[in-house]
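Undergrad: The sequence and its predicted three-dimensional model are supplied below.
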Amino acid sequence: MIRVFNTLGRKFEDFSTVENGIVKMYVCGPTVYDYVHIGHGRTFVAYDAIVRYLRLKGYNVIRIQNITDIDDKIINRAKETGKSWEEIVDYYAKDYLENLSLLKVKIDLHPRVTQHIKEIIDFIQGLIEKGHAYVAPSGSVYFDVDTYPHYGELSNTKKDQWNQGEEFVKEKRHPYDFALWKAWKPGEPYWESPWGKGRPGWHIECSTMSTRYLGEQFDIHGGGMDLIFPHHENERAQTESLTGKLWVRYWMHVAFLNIRGEKMSKSLGNIITLKDALKKYGADVLRYWYLSSHYRSPIDFSEENLEQSKVSLQRLKDAVAILKDILKEGPKSYSKDEDIKVQREIIQKIREFDEAMSNDFDTATALKKIHEIANIVFSKLQNSRDFLGASIALDGFRIFNEVFGVMDEEMGLAYERIYEVIDGIIEVRNLLRQKKMYDLSDQIRSILESHGIKVLDTKDKSTWRFQ
Ligand SMILES: Nc1ncnc2c1ncn2[C@@H]1O[C@H](COP(=O)(O)OP(=O)(O)OP(=O)(O)O)[C@@H](O)[C@H]1O
Ligand SMILES: [Zn+2]
């Protein structure tokens, strides 16, 4: 049984999904007005390990992470740089997507706010009709916090202590009401709405996009701990007010990556870009470093920590190399008593790895268990060369790597590469055909066909598929 720490209620709960066998997860992605940094990377990799583990346990997982592509910060950056807000968004969204993929984080859908304006307007309209929101004289629409009795439960604070700091404060019924729709101001981008020109507030986007794709009730909603208030508190108030249903089962929040004791943050100007860190350390070492702490514990950036992670990861890779070497020798017909003891020890460590992961995705303890297996490889298997022990241990490393993603995923990677290589060959063959060099292009076709790859020619282009 998997146990999850739920921010709502601040307690551990047994994990069960709304729909059997499928986990629906929405994580708040970045506002794209600056380079993606290693702090973001921490949050995204933390969820990545969670998703990978859930998949390993047999769940289907739908994983959505939005891109906030309209926001005050984007508009300000455009003003400062003399660029259009669209240019800012295109440039930084590209940086985010490229680096996310280099970090081996795979998302199923990256919904963008500006592609969901109609849905956002409908959502707000629904809240107005139900008496949870009001249109102010400026044309801004605010959520009436007093209409949602559970406000404050998620972040565990009293609403009177809050001032949402929205503009046009005077027109709000209460200082803690927050904007769903922001009326247009000259020089800003806008969309037409029943309340005049304007643009969506920040919180409404995630409520709208998550429910559009995952339904009115889903399993995991997350992000960094900075999002608990006001972002997630407000998202929850809006959504549950509209649907009248309990919205999210598990609210999960990742602790900060700090630098010199402060949260790494674009707005504080203390960022190390993911791009630079990937160049310097590579995805495997970064991921290893992130996952060597529990996702709810803060981590501190330091060069030494990353160097240490590099050394520790190499130790695991060395252990795998030894195991592969032993396995080349082939199965034996007899195991000594001592070998059987070692085999059982390794099985126990693999079980403990799984227990750690199922205990609120405790990657830190899980990693310790894998190192204990590596120690057994160096101290025992390397000498005994027991095939069965090596085979069990290698399976343990395979399971570990499915969750952590810090070593070459040989099969998977090889396949991805094969696709790219075949595409390249077909492209060259297309050029040869354009130049009417048919003897060469025929030769390529027959080589590919002899490897089970069927080439499909049309007049000016060829494609391929496996036979
Ligand atoms: N230092 C950090 N450590 C861990 N997670 C972070 C950190 N900074 C941002 N995140 C998380 O990354 C995701 C995207 O963040 P977003 O772009 O909204 O960052 P932000 O907090 O506005 O950026 P910044 O604070 O850098 O200006 C969110 O889930 C956020 O909680
Ligand atoms: Zn969000």
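TA: Happy to help now that I have it. In this text the structure is predicted, and so the values were computed from the model without any measurement. Ligands and ions are numbered 1, 2, ... in the order given.

Undergrad: so where does Tyr91 fall, helix or strand?
TA: Here Tyr91, judged by DSSP states H and E, is contained in helix 85-102.

Undergrad: what's the very next helix or strand once past that helix packed up against?
TA: Downstream of helix 85-102, the next assigned helix or strand under DSSP H and E is helix 117-129. Packing partners of helix 117-129 (3 or more C-beta pairs under 8 Å, 6 or more residues apart in numbering; DSSP states H and E): strand 133-135, strand 141-143, strand 178-183, helix 202-214, helix 233-243. Any C-beta I mention is one placed from the backbone N, CA and C, and that applies to glycine too.

Undergrad: related to what we said a few turns ago, would you mind pulling up the elements that the helix holding Tyr91 packs against?
TA: Applying 3+ C-beta pairs under 8 Å, 6+ apart, one finds that helix 85-102 contacts helix 38-56, helix 72-81, helix 274-291.

Undergrad: Out of the ones you listed, indicate the one that is most buried.
TA: Among the helices and strands packed on helix 85-102, the stretch with the highest mean neighbour count (mean count of other C-beta atoms under 10 Å) is helix 38-56, at a mean of 23.

Undergrad: Send me that one as CSV with only the CA atoms.
TA: The C-alpha atoms that make up helix 38-56 are tabulated as CSV, following Å, rounded to 0.1, in the frame of the first residue of the first chain:
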residue,chain,number,x,y,z
ILE,A,38,17.5,24.2,-11.1
GLY,A,39,14.9,25.1,-8.5
HIS,A,40,12.2,24.4,-11.0
GLY,A,41,14.1,21.3,-12.0
ARG,A,42,13.9,20.0,-8.5
THR,A,43,10.1,20.1,-8.4
PHE,A,44,9.7,18.6,-11.8
VAL,A,45,12.1,15.7,-11.1
ALA,A,46,10.5,15.0,-7.8
TYR,A,47,7.2,14.4,-9.5
ASP,A,48,9.0,12.5,-12.2
ALA,A,49,10.2,9.9,-9.7
ILE,A,50,6.7,9.7,-8.3
VAL,A,51,5.1,9.2,-11.7
ARG,A,52,7.7,6.6,-12.6
TYR,A,53,7.1,4.7,-9.4
LEU,A,54,3.4,4.7,-9.8
ARG,A,55,3.8,3.4,-13.3
LEU,A,56,6.1,0.7,-12.0
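
Undergrad: Redo the helices and strands packed on helix 85-102 as JSON lines? Include distance to Thr239 and mean pLDDT.
TA: Listed next are these as JSON lines, based on distance: least, C-beta to C-beta, whole Å; pLDDT from 0 to 100:
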{"stretch": "helix 38-56", "distance to Thr239": "20", "mean pLDDT": "98"}
{"stretch": "helix 72-81", "distance to Thr239": "22", "mean pLDDT": "96"}
{"stretch": "helix 274-291", "distance to Thr239": "30", "mean pLDDT": "97"}
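
Undergrad: can you count the residues close to Glu192?
TA: If you count neighbours by other C-beta atoms under 10 Å, Glu192 ends up with 11.

Undergrad: Need the phi and psi values for Met252.
TA: phi -120, psi 140 (degrees, to the nearest 10).

Undergrad: That one contacts Ile220, correct?
TA: Yes: with contact defined as C-beta atoms under 8 Å, Met252 reaches Ile220; the gap is 5.8 Å.

Undergrad: Overlap in contacts, those two.
TA: Common neighbours of Met252 and Ile220, using C-beta atoms under 8 Å, 6 or more residues apart in numbering, are Ile50.

Undergrad: For this protein, name the helix or strand with the lowest mean pLDDT.
TA: helix 410-434 (a mean of 74; mean pLDDT, DSSP states H and E).

Undergrad: Could you tell me how far stretch 445-454 lies from the centre of the chain?
TA: Once both centres are worked out by C-alpha atoms, centre = their mean, to the nearest Å, stretch 445-454 turns out to sit 38 Å from its chain's centre.

Undergrad: buried residues in it?
TA: Using 16 or more other C-beta atoms under 10 Å as the test for burial, stretch 445-454 gives 445, 448, 453.

Undergrad: Could you report the distance from the closest residue to ligand 2 within the stretch 51-200 of the chain to Leu257?
TA: Nearest to ligand 2 in the stretch 51-200 of the chain, going by C-beta to the ion, is Asn66, at a distance of 6.4 Å. Per C-beta to C-beta, to the nearest Å, Asn66 is found 20 Å from Leu257.

Undergrad: Spit out the contact partners of the closest residue to Phe15 other than its chain neighbours.
TA: Once flanking residues are discounted, Phe15 sits nearest to Ile2: 3.9 Å by C-beta to C-beta, 6 or more residues apart in numbering. Counting by C-beta under 8 Å, 6+ apart, Ile2 makes contact with 14-15, 54, 57, 358.

Undergrad: Which strands or helices does the next helix or strand after the least confident helix or strand of the chain pack on?
TA: Next in sequence after helix 410-434, counting helices and strands by DSSP H and E, comes helix 438-450. Applying 3+ C-beta pairs under 8 Å, 6+ apart, we find helix 438-450 packed against helix 410-434, strand 453-457.

Undergrad: what residue ranges in this protein score low on pLDDT?
TA: Residues of the chain meeting the criterion pLDDT under 70: 168, 409-417, 467.

Undergrad: In the record's domain split, what are the boundaries for it?
TA: 16-300, 302-407, 414-466 (the TED database).

Undergrad: For Ile62, pull up the helix or strand it's in.
TA: Secondary structure from DSSP H and E places Ile62 in strand 60-65.
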